[in-house]
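> have a look; sequence and predicted model below, questions after that.
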Amino acid sequence: MTKTAITSDKAKLLDAILPHVAFDGWSPAAFKMAVSDVGIPDAEAKASCPRGAVDLAIAFHQQGDAAMVAGLMATDMSELRFRDKVATAIRLRLSAVDDKEAVRRGTTLFAMPHMAADGAKLIWGTADAIWNALGDTSRDVNWYSKRMTLSAVYASVVLYWLGDDSLDGQATDAFIDRRIDDVMKFEKVKAQVNASPLLKPFTGSLGKILSGVRAPAGSVPDDLPGVWKDPQ
């Protein structure tokens, strides 16, 4: 999924708005104060962030994704099981946040009905970044199912983490492991269903239908769903 680069002005505004977000959220008031703090003309600020604080909230999230990917690239995970690699990625994503209140306020912002699509897209982008960093090569329906599942896991982890006051986040660590355990159990059941002779007539037909699903190509915009191709 393609991410828009954070311009110099946007980066300055993002740094400037964070102290205000704790009190005013990702709001027009906080954006106005950030513009004043940075000292750039309103027109330039509007050009960098047409939606004001919303654009900065999105940039804040994407900045965290980039830090997570950099952390994954610098971590030796050759001895880890795949499930532990995913858990490591989620933990790195959380550790990339140095302003928990900004995430809390962002969660409130993107929970609003008119912002829900943006919020879902950001969570999907995090899941996509994790799978890409871990070397996922799927291009069929699995491309979607992997990201859908991980999006649900990550979203639940963030909500749990926001309320976690345990020592060194131990409760969140345990919660991550439990959520990944749940996913692994689901994948095991799914494999058993697909292998069942009794259910093969149904799963076979469904598999034929889903075989036409393709992941977005590199030139396709980052909106969803991807593209559909007729089964061969």
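Done, it's in.

> pLDDT below threshold where in the protein?
1-5, 186-214, 217-232 (pLDDT under 70).

> which residues of it fall in strands?
Applying DSSP state E to the chain gives strands spanning 213-214, 227-228.

> what residues are up against I40?
Contact analysis of I40 by C-beta atoms under 8 Å, 6 or more residues apart in numbering lists 9, 12-13. Every residue, glycine included, has its C-beta placed from N, CA and C.

> which of those residues fall in helices?
Per DSSP state H, helices hold the following members of the contacts of I40: 9, 12-13.

> with neighbour count added, can I get the residues you listed in CSV?
Below are these laid out as CSV (neighbours: other C-beta atoms under 10 Å):
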residue, neighbour count
D9, 16
K12, 19
L13, 27
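
> can you give me the distance of the residue nearest to D37 when sequence neighbours are not counted to A129?
Excluding its sequence neighbours, the residue lying closest to D37 (C-beta to C-beta, 6 or more residues apart in numbering) is A16, at 4.3 Å. As judged by C-beta to C-beta, to the nearest Å, A16 and A129 stand 26 Å apart.

> could you do A89 as well?
For A89 relative to A129 (C-beta to C-beta), the value is 9 Å.

> what's the overlap in contacts for these two?
With C-beta under 8 Å, 6+ apart, A89 and A129 have common neighbours M68.

> and D99, its phi and psi?
phi -140, psi 90 (degrees, to the nearest 10).

> show me what contacts it?
Each residue near D99 by C-beta under 8 Å, 6+ apart is listed here: 18, 21-22.

> let's see 7 Å
Neighbouring residues of D99 by C-beta atoms under 7 Å, 6 or more residues apart in numbering: L18.

> contacts for stretch 100-108?
Under the contact criterion C-beta under 7 Å, 6+ apart, stretch 100-108 has outside partners 18, 21-22, 25-26, 57, 60-61, 97, 158, 162.

> can you select the buried ones from the residues you listed in PyMOL?
For the buried members of those, the matching PyMOL selection, counting by 16 or more other C-beta atoms under 10 Å, is:
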select buried, resi 18+21+25+26+57+60+61+97+158
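
> surely D55 and C49 touch.
Yes - between D55 and C49 a contact is recorded at 3.9 Å, counting by C-beta atoms under 7 Å.

> which of those two has more neighbours?
In terms of neighbours (other C-beta atoms under 10 Å), C49 is the more surrounded of D55 and C49; the figures are 24 against 20.

> which ones among the contacts of stretch 100-108 are found in helices?
Filtering the contacts of stretch 100-108 for helices - DSSP H - leaves 18, 21-22, 57, 60-61, 158, 162.

> quick one, helices of the chain?
Taking DSSP H as the criterion, the chain carries its helices at 8-24, 28-38, 42-48, 53-73, 82-95, 100-110, 116-133, 141-162, 170-195, 200-210.
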